[in-house]
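J.: take a look and give me a structure for this.
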Amino acid sequence: MPTPPSNPAARIPPRWVVRAAWAIHRAIYRVTGGRRGLSRPRPGHYGMLRLRTIGSRSGAERAAIVSYYLDGDALVTIAMNGWAEPHPAWLHNLRANPRAVVDLVDGEHTVIAREAHGAERQRLWDGYRQYEPGPGLDDYATLRTTQTPVVVLERERPTS
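T.: This is a model prediction of the structure:
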């Protein structure tokens with residue numbers, strides 16, 4: 001059983017509400033041809049990107065819209081699945097095949113994913129706090145029984 005959050009405002013809505021919000025977000029992206037639904041990070045607000053992975057079992061392309069911020073040239077996201085258990089499917093897919101494509105406001109980029117650990121994970125988690133609006137990131141994290149993975153998406157450099 002997860003530890004109750006220290007901030008009572010850190011409550012997640014029922015799962016059907018979370019899933020409906022995701023479906024609406026994807027629909028807005030799809031209906032507008034990608035003109036809406038993605039954003040750049042700005043002070044106090046993380047950005048939104050579309051992450052395209054290859055399904056670990058199906059081999060088919062899978063897409064999810066996730067939050068992110070920039071750490072230098074790298075894109076940083078957290079695998080939180082709406083703060084529910086288990087980890088999101090896209091993380092499982094990235095563990096099987098770390099090469100993916102992200103759609104950003106400025107276009108498509110091929111990335112290589114890796115999970116951050118130790119001091120790097122803590123530094124990136126602390127950085128994410130600057131972009132998470134509302135109740136504290138740590139309060140939400142206590143709603144999960146496992147540590148929330150921090151994922152670094154590094155842009156693939158063209159080879160010459």
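J.: tell me the SS of the closest residue to residue 104 other than its chain neighbours?
T.: Distances taken as Cβ to Cβ, 6 or more residues apart in numbering place residue 49 nearest to residue 104, at 5.4 Å, with adjacent residues excluded. Just so you know, the C-beta spots here come from the backbone N, C-alpha and C atoms, and that holds for glycine as well. At residue 49 the chain is in strand, as set by DSSP: H, G, I helix; E, B strand; the rest coil.
J.: over to residue 33?
T.: Applying three-state DSSP: residue 33 is coil.
J.: do you know the pLDDT at it?
T.: We have a pLDDT of 73 for residue 33.
J.: quick check on it: phi, psi?
T.: phi 60, psi 30 (degrees, to the nearest 10).
J.: next, count neighbours for it.
T.: 7 (other Cβ atoms under 10 Å).
J.: now it: how far from residue 110?
T.: Distance, residue 33 to residue 110, using Cβ to Cβ, to the nearest Å: 21 Å.
J.: then residue 89?
T.: Residue 89 is 20 Å from residue 110, by Cβ to Cβ.
J.: do the same with residue 156
T.: 4 Å.
J.: now list whatever residues contact both of these two.
T.: Residues within reach of residue 156 and of residue 110 at once, by Cβ atoms under 8 Å, 6 or more residues apart in numbering, are residue 99.
J.: the strand or helix carrying residue 127 packs against which elements?
T.: Per DSSP states H and E, residue 127 falls inside helix 118-128. Secondary-structure packing of helix 118-128 (3 or more Cβ pairs under 8 Å, 6 or more residues apart in numbering; DSSP states H and E): strand 61-71, strand 74-78, strand 150-155.
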